[in-house]
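**Student:** With the sequence up front, the predicted model follows.
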Amino acid sequence: MMAEWQTLPLGEALTFQRGFDITKDEQRDGLYPVISSSGPKTTHAEYKVRGPGVVIGRKGSLGTVFYSESHYWPHDTTLWIKDFHGNHPRFAYYFLQTMGFERLDAGASNPSLNRNHIHTIPVRWPSLPVQRRITNILSVYDDLIENSQRRIRILEFMARALYREWFVNFRFPGYEKLPRVASPLGEIPQGWEVETLGAHLAALESGKRPKGGIRDVEDGVPSIGAENINGIGRHDFAGEKFVSREFFQEMRKGVVCDRDVAIYKDGAYIGKSSYFRDGFPHSECCVNEHVFLLRANGVRLKQNALYLWLQEPDTVQTIRSKNANAAQPGINQQTVGSLELILPDEKTATHFDLLVEPLLAEIINLSKRIQNLRRTRDLLLPRLLSGEISLKKG
């Protein structure tokens, strides 16, 4: 097998090209992902490159690697592979993840990657048959991950649709027997009430990080910030920061408890929320000063319903409209506590919680599975590329 590998400059295996500038105002929602250095966050009605393709972060998030099966638009903050020179595109995607491009900062005040520089890097490159064998092994894990992600999307859609049916459209079991009555938020079923969120919270708190930020702590306790608040079962482990064990043990607030709901309280993505439960993303972690933790009292408002209410577009819009700081968008504890929501009677609240609980619990189970699959795949990758694992034919 060793004869099937050769050492050559990276540019002879893969030719990179700088991406194309496009502003958010210029983008029109469409079929094609716009891939920036932080990934495919938006879409556009047009594409610049035919898929499959591989993109790496050139500016901002250096060295991040993304794969697109479909046609796509590589953003100006990236480099994309213009010529695979007959090599396997998906193998290129896997291989580039081991390059450590984030260490090759060719910029001054603004970190960036220079394509001419990376083209000269010597790499140990396998033949196409070896590329295919490595890709076949790793693709099994990616297929399992994608299948789990698909199931998560379905389960979350079901949970949110169920919440909307009960608490927005008021079509819950027995609704026909209850007349509608007036309320500050419009007509609601008799026996339901409009309450302030604060009246039904057992805790509303934020955390902190050491003065001067976090430096040189790589093996402490995970400290969750705005960049990690992505919704139930979704967590950016790569961008995670840590506080020391000593600092964590001195924290009186902001320590995550099982089933805490988290909300991003200031900055550009104010109102984003997540749900920490069943040991995911960590059995032990905390939040920083940009995140609120919310714990319902569990009577007429339970954690499952609290999370789903925060996911409603109308709720997010209401939160974002309550800017407590003219200079810096944000919400404070008083603002959060004063938010109004519609609450059912205790029996209905309990019934809904029992129905939605299996859906949210399965999302977490699948998220843990994805985490394990990624960990196994990432451990295999360097061993396959180094030849430590045999790639014998057949």
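**Tutor:** Thanks, I have it. Computed from a predicted structure; not experimentally measured.

**Student:** pLDDT wise, what is the closest residue to residue 167 other than its chain neighbours at?
**Tutor:** Once flanking residues are discounted, residue 167 sits nearest to residue 342: 6.4 Å by Cβ to Cβ, 6 or more residues apart in numbering. In short, each C-beta sits where N, CA and C put it, glycine included. For residue 342, the pLDDT comes out at 97.

**Student:** List the contacts of stretch 252-261.
**Tutor:** Stretch 252-261 is contacted from outside by 205-208, 224, 248, 262, 273-279, 282, 284-289, 291, 293-296, 303, 306-307, 310, using Cβ atoms under 8 Å, 6 or more residues apart in numbering.

**Student:** ok now that stretch, how far from the chain's centre?
**Tutor:** Mean C-alpha position of stretch 252-261 versus that of the full chain (Cα atoms, centre = their mean, to the nearest Å) differs by 19 Å.

**Student:** Can you mark which positions in it are buried?
**Tutor:** 254, 255, 256, 259, 260, 261 (16 or more other Cβ atoms under 10 Å).

**Student:** In the protein, where is pLDDT below threshold?
**Tutor:** Filtered on pLDDT under 70, the chain yields the residue ranges 1-3, 105-111, 212-218, 324-328, 392-394.

**Student:** Next step: the contacts of stretch 252-261 restricted to strands.
**Tutor:** Of the positions in these, 205-206, 224, 262, 273-276, 286-287, 291, 293-296 sit in strands, assigned by DSSP state E.

**Student:** if I look at residue 280, how far off is residue 311?
**Tutor:** Here residue 280 is placed at a distance of 17 Å from residue 311 (Cβ to Cβ, to the nearest Å).

**Student:** Also residue 31?
**Tutor:** Computed as Cβ to Cβ, the residue 31 to residue 311 distance reads 25 Å.

**Student:** If you count surrounding residues, which of the two has more?
**Tutor:** Just comparing residue 31 and residue 311: by other Cβ atoms under 10 Å the higher neighbour count belongs to residue 311, 20 against 12.

**Student:** what's the closest residue to residue 319 other than its chain neighbours in contact with, if anything?
**Tutor:** Closest residue in space to residue 319, ignoring its immediate chain neighbours: residue 271 at 4.0 Å, by Cβ to Cβ, 6+ apart. Shown in contact with residue 271 (Cβ under 8 Å, 6+ apart): 263, 264, 310, 315, 316, 317, 319, 320, 331.

**Student:** Show me how to select, in ChimeraX, the buried members of these.
**Tutor:** Buried residues among those (16+ other Cβ under 10 Å), as a ChimeraX selection:
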select :263,264,310,315,316,319,331
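
**Student:** Show me which of the contacts of residue 271 is closest to residue 11.
**Tutor:** Nearest to residue 11 among the contacts of residue 271 is residue 264, at 41.1 Å by Cβ to Cβ.

**Student:** Hmm, the closest one is touching residue 287, no?
**Tutor:** No: using Cβ atoms under 8 Å, residue 264 is not in contact with residue 287; the gap is 9.9 Å.

**Student:** ok, back up a step: Throw the contacts of residue 271 into a markdown table and include distance to residue 156 and secondary structure, thanks.
**Tutor:** Compiled in a markdown table, the contacts of residue 271 are given as follows (distance: Cβ to Cβ, whole Å; DSSP: H, G, I helix; E, B strand; the rest coil):
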| residue | distance to residue 156 | secondary structure |
| --- | --- | --- |
| 263 | 17 | strand |
| 264 | 18 | strand |
| 310 | 13 | helix |
| 315 | 16 | helix |
| 316 | 15 | helix |
| 317 | 20 | helix |
| 319 | 20 | helix |
| 320 | 21 | helix |
| 331 | 24 | coil |
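
**Student:** export the contacts of residue 271 to a markdown table and tack on distance to residue 353?
**Tutor:** Output for those, formatted as a markdown table (distance: Cβ to Cβ, whole Å):
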| residue | distance to residue 353 |
| --- | --- |
| 263 | 20 |
| 264 | 25 |
| 310 | 16 |
| 315 | 18 |
| 316 | 22 |
| 317 | 25 |
| 319 | 23 |
| 320 | 27 |
| 331 | 26 |
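
**Student:** Let me know the closest of the contacts of residue 271 to residue 133.
**Tutor:** Using Cβ to Cβ, the contacts of residue 271 come closest to residue 133 at residue 264, 43.4 Å.
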